[in-house]
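J.: Sequence below, structure please.
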Amino acid sequence: MEKRNKITVVLALVLLLMMGFVYGQDRVISANQLPKTAKNFLFVNFKGIATSSVIEDNEIFGVDEYKILLTNGIKVEFDSKGSWKEVDGKHQKVPYGFIPAAIKNYVAKSFPNTYIVKIERKRWSYEAKLSNGIDLEFDKNGNFKRIDD
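T.: Have a look, this model is predicted:
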């Protein structure tokens, strides 16, 4: 009986691993399949710029995130609900329409002649990379915290 239990446990683990490989994969989708929030974000902030690729990152329990590459080279990541997580301009200026005013104002005042090339929204903070290579960290309200090393 003990041998059967071990075999059952091993088979169950193998099955779970196989399910993880099947369901935990990326797949290419069309921009029309994005959540409405993500489609609106792209329309407002990147009007007239087509998508080069749209990847849906799936985990075992559903969609984890969406990764979009635009034809101008900018990369945008959204969470499973379509809220933006990261906008990476790949050394180009990102649009400022969605960036909190406190962050835009701080960068304009403290780092004139620079611009934001990447911004990431985390649960409790924002991180912004400037065109001069400096990384800044802000709290969830957009208040400057520190220069990130």
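J.: ok, S83 - contacts?
T.: T37, A38, R121 (CB atoms under 8 Å, 6 or more residues apart in numbering). Every residue, glycine included, has its C-beta placed from N, CA and C.
J.: Now rank these by neighbours and give me the top one.
T.: When those are compared by neighbour count (other CB atoms under 10 Å), A38 ends up highest, at 22 neighbours.
J.: With adjacent residues omitted, what lies nearest to it?
T.: Using CB to CB, 6 or more residues apart in numbering and skipping the chain neighbours, the partner closest in space to A38 is G82 (3.6 Å).
J.: Over to K93?
T.: Closest residue to K93 in three dimensions, ignoring its sequence neighbours and counting by CB to CB, 6+ apart: Y115, at 4.3 Å.
J.: Would you quantify the distance from the one you found to F43?
T.: Using CB to CB, to the nearest Å, one obtains 22 Å as the distance from Y115 to F43.
J.: And these two? Which one has more around it.
T.: Neighbours per residue, other CB under 10 Å: of Y115 and F43, the larger number sits with Y115, 15 against 11.
J.: V107 - how many residues pack around it?
T.: By other CB under 10 Å, the burial measure for V107, its neighbour count, is 22.
J.: should've said D135
T.: Here the count is done by other CB under 10 Å, and D135 has 14 residues near it.
J.: can you check K129 too?
T.: The burial count for K129: 19, using other CB under 10 Å.
J.: gap between the helix or strand it falls within and the chain center?
T.: The secondary structure element spanning K129 is strand 125-130 (assigned by DSSP states H and E). Here the centre of strand 125-130 is set off from its chain's centre by 13 Å, with CA atoms, centre = their mean, to the nearest Å.
J.: Show me which parts of the helix or strand that it is followed by are buried, residue by residue.
T.: From strand 125-130 onward toward the C-terminus, using DSSP H and E, the following helix or strand is strand 135-139. Under the neighbour-count criterion of 16 or more other CB atoms under 10 Å, strand 135-139 has L136, F138 buried.
J.: can you give me the angle strand 135-139 makes with strand 125-130?
T.: Between the axis of strand 135-139 and that of strand 125-130 there is an angle of 150 degrees, by axes from the mean of the first three to the mean of the last three CA atoms, to 10 degrees.
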